[in-house]
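Undergrad: need coordinates for the below:
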Amino acid sequence: MTINEFAAEVHKNAVDHGWWDGERTFPEIVALIHSEVSEALEEYRDGKPLLYFPCNAGGIECIDALEAATSGLQGIEAFCTANAIKYLWRWKLKNGEEDLQKAVWYINRLIQRAGADSAAGKELFNMKENKHGFEPKQEFTMGGIAWTVIQTGADWVKCITSDCVEERAFDEGNKNDFAASSLRAYLNGEFLRRLIKAGAPEEMFEYFNIDLTADDGLKNYGGDRVRIGLITCEEYRLLRGNIPALPDRWWWTATPDSPINSFVRYVDSDGSLSSFYAFLGDVGVRPLCNLKSEILVSYLNGENAEEQKKRAEAVDMMKHIAAAWDIDAEEVFGRADE
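TA: Model prediction:
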């Protein structure tokens, strides 16, 4: 088999397993090539020898094992299965524990996906019926911007902007750590102040955690806690059905590709996930926030800021009373609503 014939066979296998949903754009192809070359350069800088690692074990070629293992699988399931096997296949010869961690990450993704349909997916993300009537996919306007509810808790809602609010670099210094990015500083500074100035109550915005585990499974960046953030790839995959699609736009997630490069995962116009340099300024921004649903109801019903503040203070007081007297908080809130 010639190199061209082998390349054609590899591409056909990728298409058959759903890894190639459509023609990639030229910038995306260049970015992916650069990503692979950058990893090779990092290997060289780390002093690792320029060796060829045979992709066979016991006379079995890795590509044959992957083909057999992914037979009957499609899309992300085939992708995760193949990657887990690849890292387990080579770990002793190449990156040791790092490859084992990557394999575990892909296996955990498969475990999560196996239980991610309807009820299991809701349980994983703590999806509960909102006592103020908000539901996933519900749209509303806040600060002159359209928002969509993508996840509900008993007394909070997670919302994402229905469209990109602007285009902006993830980080002007080309860092892919959201916690240290210029975009995080902007969202929790100027952007949040703009929403508040437009009438959104400041106390409505809850702090929430963002898991900054990289797409390759490495946890170098830990996490972050913000009032305005971006969706992670994990959240996107499980809540995608609640997020308005943008066929003509691409937009940032908070997830880094890997701590060893400067790429950030983004949602492409077809809904697939890919990676770009953090400094690129032509990628869309869709802010994400957790809102206290009781205050949101008041805001949407037209209560002024002073009324909303008094209402929030009254609720906090009732919570303290309930805790001090060991009273069911739901019962207290029920009496207050009557």
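Undergrad: what's around the residue nearest to Ser162 when sequence neighbours are not counted, how many residues?
TA: Nearest residue to Ser162, sequence neighbours excluded (Cβ to Cβ, 6 or more residues apart in numbering): Ala146, at 4.0 Å. Where you see a C-beta, it was placed from the backbone N, CA and C, and this is true even at glycine. Residues contacting Ala146 under the criterion other Cβ atoms under 10 Å number 13.
Undergrad: quick one: buried residues of the helix or strand that contains Ala146?
TA: Assigned by DSSP states H and E, Ala146 falls within strand 145-152. Across strand 145-152, burial judged by 16 or more other Cβ atoms under 10 Å covers Ile145, Trp147, Thr148, Val149, Ile150, Gln151, Thr152.
Undergrad: what number of residues lie near Glu135?
TA: Neighbour count for Glu135, taken as other Cβ under 10 Å: 11.
Undergrad: should've said Ala84
TA: When neighbours are counted by other Cβ under 10 Å, Ala84 registers 20.
Undergrad: and for Trp89?
TA: 20.
Undergrad: so it touches Ala65, yeah?
TA: Yes: applying Cβ atoms under 8 Å, one finds Trp89 in contact with Ala65, separated by 7.2 Å.
Undergrad: thinking again about what came up before, closest to Met204 among the buried residues of strand 145-152?
TA: Trp147 (11.9 Å; Cβ to Cβ).
Undergrad: pLDDT value on the closest one, please?
TA: pLDDT, Trp147: 97.
Undergrad: Ile327 too?
TA: We note a pLDDT of 68 for Ile327 in this prediction.
Undergrad: my guess is Phe276 contacts Val283. True?
TA: Yes: using Cβ under 8 Å, Phe276 is in contact with Val283, at 6.1 Å.
Undergrad: quick check: neighbours shared by these two?
TA: Taking Cβ atoms under 8 Å, 6 or more residues apart in numbering as the contact rule, the neighbours common to Phe276 and Val283 are Tyr266.
Undergrad: just give me the residue right at the centre of the protein.
TA: The centre of the chain sits closest to Thr232, judged by Cα atoms, centre = their mean, with a distance of 1.4 Å.
Undergrad: quick check: it touching Ala254?
TA: Yes: between Thr232 and Ala254 there is a contact under Cβ under 8 Å: 5.1 Å.
Undergrad: which neighbours do those two share?
TA: Ile210, Leu212.
Undergrad: re the thing from before, specify which member of the buried residues of strand 145-152 is nearest to Glu139.
TA: Closest to Glu139, out of all of the buried residues of strand 145-152 and judged by Cβ to Cβ, is Thr148, at 5.0 Å.
Undergrad: more neighbours: Phe276 and Val283, which one.
TA: Legend: neighbour count by other Cβ under 10 Å for Phe276 and Val283, higher for Phe276 (24 against 21).
Undergrad: buried residues, stretch 250-270. List them.
TA: Under 16+ other Cβ under 10 Å, the buried positions of stretch 250-270 are 250-258, 260-268.
Undergrad: pull the distance from that stretch to the chain's centre.
TA: When C-alpha coordinates are averaged (Cα atoms, centre = their mean, to the nearest Å), stretch 250-270 and its chain have centres 9 Å apart.
Undergrad: with only the CA atoms kept, save it in PDB.
TA: Coordinates of each C-alpha in stretch 250-270 appear next as PDB, following Å, rounded to 0.1, in the frame of the first residue of the first chain:
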ATOM      1  CA  TRP A 250     -18.100  30.300  16.100                       C
ATOM      2  CA  TRP A 251     -17.600  31.000  19.800                       C
ATOM      3  CA  TRP A 252     -15.300  30.400  22.700                       C
ATOM      4  CA  THR A 253     -15.600  27.800  25.500                       C
ATOM      5  CA  ALA A 254     -13.700  28.000  28.800                       C
ATOM      6  CA  THR A 255     -11.900  24.700  28.100                       C
ATOM      7  CA  PRO A 256      -8.200  24.800  27.200                       C
ATOM      8  CA  ASP A 257      -7.000  22.300  24.600                       C
ATOM      9  CA  SER A 258      -4.000  21.400  26.700                       C
ATOM     10  CA  PRO A 259      -1.700  23.200  29.200                       C
ATOM     11  CA  ILE A 260       1.200  22.400  26.800                       C
ATOM     12  CA  ASN A 261      -0.100  24.700  24.100                       C
ATOM     13  CA  SER A 262      -2.000  28.000  23.600                       C
ATOM     14  CA  PHE A 263      -5.100  26.600  22.000                       C
ATOM     15  CA  VAL A 264      -8.600  27.000  23.400                       C
ATOM     16  CA  ARG A 265     -11.600  24.900  22.500                       C
ATOM     17  CA  TYR A 266     -14.400  26.700  20.600                       C
ATOM     18  CA  VAL A 267     -17.800  25.700  19.100                       C
ATOM     19  CA  ASP A 268     -17.700  25.800  15.300                       C
ATOM     20  CA  SER A 269     -20.600  27.000  13.100                       C
ATOM     21  CA  ASP A 270     -21.700  23.400  12.600                       C
END
